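Visitor: Here is the input, now give the coordinates:
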Amino acid sequence: MYAISLGDDGVELRPLEPWHDEEFLAHLDRGRDFVQQFIPFGAKATDVASAREILQAYADKRAADTGSLHGLWQDGKLVGGVLFRIFDADSGSCEIGCWLEPAATGRGLVTRAARVLIDWAFDGRGMHRVEWHAASGNEPSLNVARRLGMTREGVMRSSHPYRGVRQDTEIWAVLVDEWRAARANAER
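Guide: Down below sits the predicted model:
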C-alpha cells in the first residue's frame, strides 16, 4: 500500500484499514472529546469490534468507489485522518473531511493531507468539484478550507441537530480549474 510523506516532520498519509481497529480505537479515545465538539466521527467506536465496523464501512466505500479513509501517522502513531466522505465519480463531485486528536493540531497536517487528496481527485480521477462541509463554529476546519483556497458558497442554516442544538453547516468548494490555477501560481 501507499505511505506518502507530508514533509520532513515524520508525518505520513496512509490507508486506514479494518485491521487498524485497535490503533484506531486508541486514537479516538485519546481525542474523543476534542473531535466530537463539532462532528460525531467515531462516536460509535466504543470497543475494538465497533471500531472495526467503522473502518470496514469505509473499506466497503473504497471498494464501491464512493468514499475512503486515510490515516495521518506522526512518527508511527495514528493522530488523525482525512477522508472522502462522499465520492461520486459519475457527477464529478466529492466531499472531503478530517479529524485530529488535540496533540496533532496547529501544524498544518490536515491542510497538507487534504492537498494530496484533492490533487488525486482532480488529476487522478478527473473530478470537477471538491467540497468541504463544516459546522459554522468549527473555526479550525473553516480555516483549512480557507488555506486550501476554497470558496465559501453558503450556509445551510440549522441543517442538523447535534448535542441538542441545531447546527449551521458551511459549504466550501474548489473547482478543478481554480485548483490548477492556484497550484500553477504557487509553483512560480
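
Visitor: can you give me the helices for the chain?
Guide: For the chain, applying DSSP state H gives helices covering 21-35, 48-64, 109-119, 139-147, 176-187.

Visitor: Can you tell me which of these is nearest to residue 153?
Guide: With CB to CB as the measure, helix 139-147 is the member of those nearest residue 153 (10.4 Å). Where C-beta positions appear, they are placed from N, C-alpha and C, glycine not excepted.

Visitor: Quick check: which helices or strands does the closest one pack against?
Guide: helix 109-119, strand 129-135, strand 165-175 (3 or more CB pairs under 8 Å, 6 or more residues apart in numbering; DSSP states H and E).

Visitor: angle of the shortest one against helix 109-119?
Guide: Compare the direction of strand 129-135 with that of helix 109-119 by axes from the mean of the first three to the mean of the last three CA atoms, to 10 degrees and you get 150 degrees.

Visitor: Let me know the angle separating strand 129-135 from helix 139-147.
Guide: Using the same axes, to 10 degrees: strand 129-135 against helix 139-147 is 160 degrees.

Visitor: quick one: strand 129-135 to strand 165-175, angle?
Guide: Using the same axes, to 10 degrees: strand 129-135 against strand 165-175 is 160 degrees.

Visitor: List the strands paired with strand 129-135, with their directions.
Guide: strand 93-100 (parallel), strand 165-175 (antiparallel) (DSSP bridges).

Visitor: Could you say which of the ones you listed is packed most deeply?
Guide: strand 93-100 (a mean of 22; mean count of other CB atoms under 10 Å).

Visitor: Name the surrounding residues that touch that strand.
Guide: For strand 93-100, the surrounding residues in contact (CB atoms under 8 Å, 6 or more residues apart in numbering) are 31, 34-35, 39, 41-42, 72, 79-88, 109-110, 113-114, 117-118, 121, 127-133, 141, 144.

Visitor: What subset of those is buried?
Guide: Listed as buried from the contacts of strand 93-100 are 31, 35, 39, 41-42, 72, 79-87, 109-110, 113-114, 117-118, 121, 127, 129-133, 141, 144; burial here means 16 or more other CB atoms under 10 Å.

Visitor: Turn the helices and strands packed on helix 139-147 into TSV, including mean pLDDT and distance to residue 53.
Guide: Below are the helices and strands packed on helix 139-147 laid out as TSV (pLDDT from 0 to 100; distance: least, CB to CB, whole Å):
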stretch	mean pLDDT	distance to residue 53
helix 109-119	97	23
strand 129-135	97	23
strand 165-175	95	25
